[in-house]
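K.L.:
The following block contains a protein sequence and its predicted model.
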Amino acid sequence: MIRVSGVSKKIHNKMILEDIRFSVQKGTVTGVIGRNGAGKTTLLRLIAGILQPSKGEITVDDQDVFIQPQIKQQVVFVPDSTDALKTYTIKEIIRFYQQIYHTFDQDYFYELLERFNFHKDGKIKSFSKGQKALFSLILAFSTKSQYILLDEPTDGLDVIVKKQILQLIAEVVSEREVSVLISSHRLDELEKLADHIVVLKGGKVDSEFDMEHLKDQYRKLQVAFQDGMPSSLREHVHILSETGRVAVVLVPQDDQDSIDMIHQANPILFEDLALTLEDIFVAKLGGDLYVS
Ligand SMILES: Nc1ncnc2c1ncn2[C@@H]1O[C@H](COP(=O)(O)OP(=O)(O)OP(=O)(O)O)[C@@H](O)[C@H]1O
């Protein structure tokens, strides 16, 4: 388990992260969501042991990443930029990774390269942006390390590569007990993958959710009324959208009063819709967070 306990980070006297607390369980995918500048990259770099906390501690399997740096063998950080790789050949990269990660699985690495149609003697600098991103992920999973930290792994990639990346992550997590921490501002992508979500806002943890329980908290309803929505109801429900007489509203699961009010107003349409992570963020955070 990764445990982040009361971590703060100041850079050049500026507080970037403040009193961050959360944990990443084995065999799960945790999403760190936040707008640009919320501190996601800084948090991942702290967990990877690249930066040192100004306050608090980070442990991986109960070992402090700074006091017992050997635990870093179990942690791989994949930055959002692949620039660092581009001057190397694949063989050089393998040698480099084998020196750092003693469990690096070369057969598995070549197996994945073949599956994704990489030439095994290919030059990294000739890869497209999407290929570089996929290659970084293959390298990370080939270390067979327990914890993989991915910083915006699909940012700026086309839909095909995005899909390949998300599928590979889902596949590896289901096959072995690897734990993945993904930073992203894409709620729709994390929705399919994450078990747990940590929301960063202005350098602090704004909220944390378990995906499994999150959707039990609200009902998303499509409703319509002959003469429009009664104003008394408007004050009770959260309106996600309204087109003509048809409105999509969110109602907390335990708010029977609002449901009763809708029925009393004789709706001409009353239908449950599938809830998305974005709906919940809009409801909880007033849409302030979502950046597509
Ligand atoms: N080395 C540094 N020197 C000064 N400020 C920094 C440094 N690193 C990060 N920051 C500042 O810390 C804040 C958080 O940056 P960080 O890159 O962690 O955010 P982020 O959530 O990953 O954003 P993005 O999605 O844009 O990558 C920003 O205001 C950034 O300018």
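P.N.:
Looks like it arrived, so ask away.

K.L.:
Please enumerate the helices of the stretch 151-292 of the chain.
P.N.:
Listed in chain order, the helices found in the stretch 151-292 of the chain under DSSP state H, counting those that start in this stretch are 159-175, 187-193, 211-214, 231-234, 256-264, 277-285.

K.L.:
out of the ones you listed, which comes closest to the ligand?
P.N.:
Proximity to the ligand (CB to the nearest ligand atom) singles out helix 187-193 among these, at 13.8 Å. (Glycine included, C-beta is placed from N, CA and C.)

K.L.:
Can you name the residues in contact with the closest one?
P.N.:
The contact list for helix 187-193, computed with CB atoms under 8 Å, 6 or more residues apart in numbering, reads 29, 31, 33, 154, 162, 166, 169-170, 173, 180, 182, 184, 197, 211, 276-278, 281, 290.

K.L.:
Can I have the buried ones of those as a PyMOL selection?
P.N.:
Under the burial definition 16 or more other CB atoms under 10 Å, those of these that qualify are selected in PyMOL by:
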select buried, resi 29+31+33+154+162+166+169+173+180+182+184+197+211+277+278+281+290
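
K.L.:
list the contacts for L51?
P.N.:
When contacts are counted by CB under 8 Å, 6+ apart, L51 is found next to 9, 42, 45.

K.L.:
ditto for A140
P.N.:
If you count contacts by CB under 8 Å, 6+ apart, A140 has them with 76, 78, 148, 150.

K.L.:
Checking it next. Helix, strand or coil?
P.N.:
Taken by DSSP: H, G, I helix; E, B strand; the rest coil, the conformation at A140 corresponds to helix.

K.L.:
Could you report the pLDDT at the nearest residue to D257 once chain neighbours are set aside?
P.N.:
Excluding the flanking residues, the one nearest D257 by CB to CB, 6 or more residues apart in numbering is H236, at 7.1 Å. H236 carries a pLDDT score of 87 in this model.

K.L.:
I'd say H236 and S258 touch.
P.N.:
Yes - H236 lies in contact with S258 (CB atoms under 8 Å); the separation is 4.6 Å.

K.L.:
quick one, which of the two is more surrounded?
P.N.:
S258 (19 against 15; other CB atoms under 10 Å).

K.L.:
ok, now which ones touch that one?
P.N.:
For S258, the contacting residues are 233, 236-237, 251-252, by CB under 8 Å, 6+ apart.

K.L.:
wait, what's in contact with the closest residue in space to Q63 that isn't next to it in sequence?
P.N.:
Taking CB to CB, 6+ apart as the measure, Q63 lies nearest to I71, with 4.1 Å between them; neighbours along the chain are not counted. For I71, the contact set (CB under 8 Å, 6+ apart) comprises 60-61, 63-65.

K.L.:
In stretch 108-119, which of the residues would be classed as buried?
P.N.:
Along stretch 108-119, the positions that meet the burial threshold by neighbour count (16+ other CB under 10 Å) are 109-110, 112-113, 118.

K.L.:
Hmm, I typed the wrong one, I wanted stretch 239-250.
P.N.:
Here stretch 239-250 shows 240, 247-250 as buried, counting by 16+ other CB under 10 Å.

K.L.:
one step back: of the contacts of S258, grab the buried ones for ChimeraX.
P.N.:
In ChimeraX, the members of the contacts of S258 classed as buried (16+ other CB under 10 Å) are selected with the following command:
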select :233,237,251
